[in-house]
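**Student:** Whatever this is, show me its structure:
(one chain, ligands or ions: 1)
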Amino acid sequence: MLFSDIQIIDEHFQAKDHQWVGTRGDTIAYVGSCAPTEDFGEVYSGTGCALMPGMYNAHAHAPMTLLRGYAENLPLQQWLNDRVFPFEAKITDEEAYPATLLAIAEMLRFGTVSFSDMYYFSDARAHAVIESGIKCNLSEAALSFTDTPYSELPIARVNEHLIDAYHMAANGRLKIDLSIHAEYTSNPALVEAVGQLAVERGLRTHIHLAETQTETRECAERHDGMSPAAYFDSLGFFRMPCSAAHCVWTTADDWAILRERGVTAVTNPASNLKLASGIAPVAAMLDAGVAVALGTDGPASNNNHDMFQDMYLLALLQKGASGDPCAVSPAQALQIATENGARAQGREDCGAIKQGNKADLVVVDVDQPHLHPATDLASNLVYAAHGSDVVLTMVDGAVLYRDGEWPTIDVERAEAETDAAFKRIIARL
Ligand SMILES: [Zn+2]
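**Tutor:** Modelled structure (predicted):
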């Protein structure tokens, strides 16, 4: 496809007018300020449109679409123990599958090309990823409330199966990560074992870290005054690149660990606000040299997968919390939502509009009342646009959403099956 005479967000996350972007196969083969001489197939007119890199949702729990609107107005521990865990215990693979497909449809509709998903029902999620064409770093959440060794826990067999069956499947669109749900749902032996497996198999990891003040205080009480970041580091867990969701209750000492170990702090502003967990110190983490990416978290705590909404909250919360209107510029917010997420997934050739990168592209309809005048595209995308302004989402050169149509997903069916699954699960509770 050739995007013709279109304004783009360039590789430096700045607006650039009158560009031509050509894709061949799964790659961006041409970026220039004049029309290429080669033929790239379909010509997409850039009139009234803008082209930006696809969003990378760096922390999600796709099947939690089943819980959208189910657990409302509760603090995290009550939300988790009284509502979420009992509901999750009743979900089956057959029910997780349509909910994952629906989450993927929603992500594609809002311009997300890849997501990092920590949950259960990993076969069902993997199939939904492979069939839909989206990218995903998928992990099965490891939890343990006993001292049973890792090798004797079901998660050990699940991880081996996932690595063998799906790691780098679908031309690398699907990757398997290893996950520890959190400090408070695991124990040191489990953290050590999963960290060691990550080293042996060369895999990335995904955890929840310092989401609430209670978690952080209780971690210190359990583990010699250590913060969650210091605790995971003391067990050698950060030897492989890790995505640490939330990092709300972190300090300068923690940021030094995250920076040293190459841990990406994945901020989830909507989820943190809804569960009243706090505001992550993103501006300070950026100043401290920590890599920051952006996620939606699950729909039980957000309640959607609209990365534009989280990008907006990220930028505004950091200004308000720091008292500095320059904190998190539009270019920074865009880079955090796109390229930084790709880096967190170990996808070095993704996340920016650049010749040679993977063709993960999003077209936004900017010819709308809330996006005129087009003073600055980056500002408009961060402060004024919504996910619903996306009219085309391309992943690895394949168009997966365009003008209300999903060529790879039967969305009506996924909606009906998810609704029916919700009713069945409620009846079993
Ligand atoms: Zn989460």
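**Student:** got a list of contacts for stretch 208-217?
**Tutor:** With CB atoms under 8 Å, 6 or more residues apart in numbering as the test, stretch 208-217 has contacts from 75-77, 181-184, 219, 227-229, 232, 244-250, 254, 265, 272, 275, 277-278. All C-beta spots, glycine's among them, are computed from the backbone N, C-alpha and C.
**Student:** Can you name the element that comes right after the strand ranked longest in the chain?
**Tutor:** Determined from DSSP state E, the single longest strand within the chain is strand 15-24. Sequence order places strand 27-32 as the next helix or strand after strand 15-24, per DSSP states H and E.
**Student:** Now do that next one: which elements does it pack against?
**Tutor:** Applying 3 or more CB pairs under 8 Å, 6 or more residues apart in numbering; DSSP states H and E, one finds that strand 27-32 contacts strand 15-24.
**Student:** The strand it packs on - what's its average pLDDT?
**Tutor:** Mean per-residue pLDDT for strand 15-24: 98.
**Student:** What residues sit buried inside that strand?
**Tutor:** Within strand 15-24, the residues that count as buried by 16 or more other CB atoms under 10 Å are 15, 16, 19, 20, 21, 22, 23, 24.
**Student:** sorry, back to before: can I get the buried ones among the contacts of stretch 208-217 as something I can paste into ChimeraX?
**Tutor:** With 16+ other CB under 10 Å as the criterion, this ChimeraX line picks the buried residues out of the contacts of stretch 208-217:
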select :76,181,182,183,184,219,227,228,229,232,244,245,246,247,248,249,250,254,265,272,275,277,278
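**Student:** In strands, which of the contacts of stretch 208-217 appear?
**Tutor:** Per DSSP E, the subset of the contacts of stretch 208-217 in strands is 244, 245, 246, 265.
**Student:** okay, the residue lying closest to the last one once chain neighbours are set aside: pLDDT?
**Tutor:** Setting aside the residues directly before and after it, residue 265 is nearest to residue 247 in space (CB to CB, 6 or more residues apart in numbering), at 4.1 Å. We have a pLDDT of 98 for residue 247.
**Student:** who are the neighbours in contact with residue 247?
**Tutor:** Contacts of residue 247 (CB under 8 Å, 6+ apart): 209, 210, 229, 254, 258, 265, 266, 267, 280, 281, 285.
**Student:** what does residue 277 give?
**Tutor:** 76, 211, 212, 213, 246, 248, 271.
**Student:** Identify the residue with the minimum pLDDT among those residues.
**Tutor:** residue 76 (80).
**Student:** That one contacts residue 275, correct?
**Tutor:** Yes: contact criterion CB atoms under 8 Å: residue 76 and residue 275 qualify, at 4.9 Å.
**Student:** For the protein, which helix or strand comes out least confident on mean pLDDT?
**Tutor:** Here the helix or strand of the chain ranked lowest by mean pLDDT, DSSP states H and E is helix 76-78, holding a mean of 84.
**Student:** can you list the residues that contact it?
**Tutor:** Residues outside helix 76-78 that contact it (CB under 8 Å, 6+ apart) are 211, 212, 214, 215, 275, 277.
**Student:** try it again with 7 Å
**Tutor:** 211, 212, 214, 275, 277 (CB atoms under 7 Å, 6 or more residues apart in numbering).
**Student:** cool, stretch 83-96 as well?
**Tutor:** Residues contacting stretch 83-96 (CB under 7 Å, 6+ apart): 63, 66-67, 70-71, 74, 121, 123-125, 300, 421, 425, 428-429.
**Student:** where does residue 112 fall, phi/psi-wise?
**Tutor:** phi -90, psi 130 (degrees, to the nearest 10).
**Student:** Now do the contacts for it.
**Tutor:** With CB under 7 Å, 6+ apart, residue 112 has these contacts: 54, 55, 57, 305, 307.
**Student:** and if we set it to 10 Å?
**Tutor:** Residues in contact with residue 112, defined by CB atoms under 10 Å, 6 or more residues apart in numbering, are 54-57, 60, 103-104, 106, 134-135, 296, 305-308, 337-338, 341, 360, 362, 387, 390, 393, 395, 401.
**Student:** likewise residue 359?
**Tutor:** 1, 21-29, 54, 113, 350, 353, 394-399.
**Student:** can you pull the buried residues of stretch 422-429?
**Tutor:** Buried-residue list, stretch 422-429, by 16+ other CB under 10 Å: 422, 425.
**Student:** Go ahead and measure how far that stretch is from the middle of the chain.
**Tutor:** Averaging C-alpha coordinates over stretch 422-429 and over its chain gives two centres that are 28 Å apart (CA atoms, centre = their mean, to the nearest Å).
**Student:** what is the rounded mean pLDDT of that stretch?
**Tutor:** Average pLDDT, stretch 422-429: 94.
**Student:** which residues does the closest residue to residue 237 other than its chain neighbours contact?
**Tutor:** Spatial nearest neighbour of residue 237, excluding adjacent residues (CB to CB, 6+ apart): residue 195 at 3.9 Å. By CB under 10 Å, 6+ apart, the contact list for residue 195 reads 178, 180, 205, 232, 235, 236, 237, 238, 239, 240, 242.
**Student:** When you filter those down to buried only, what's left?
**Tutor:** For the contacts of residue 195, a burial check counting by 16+ other CB under 10 Å picks out 178, 180, 205, 232, 235, 237, 238, 240, 242.
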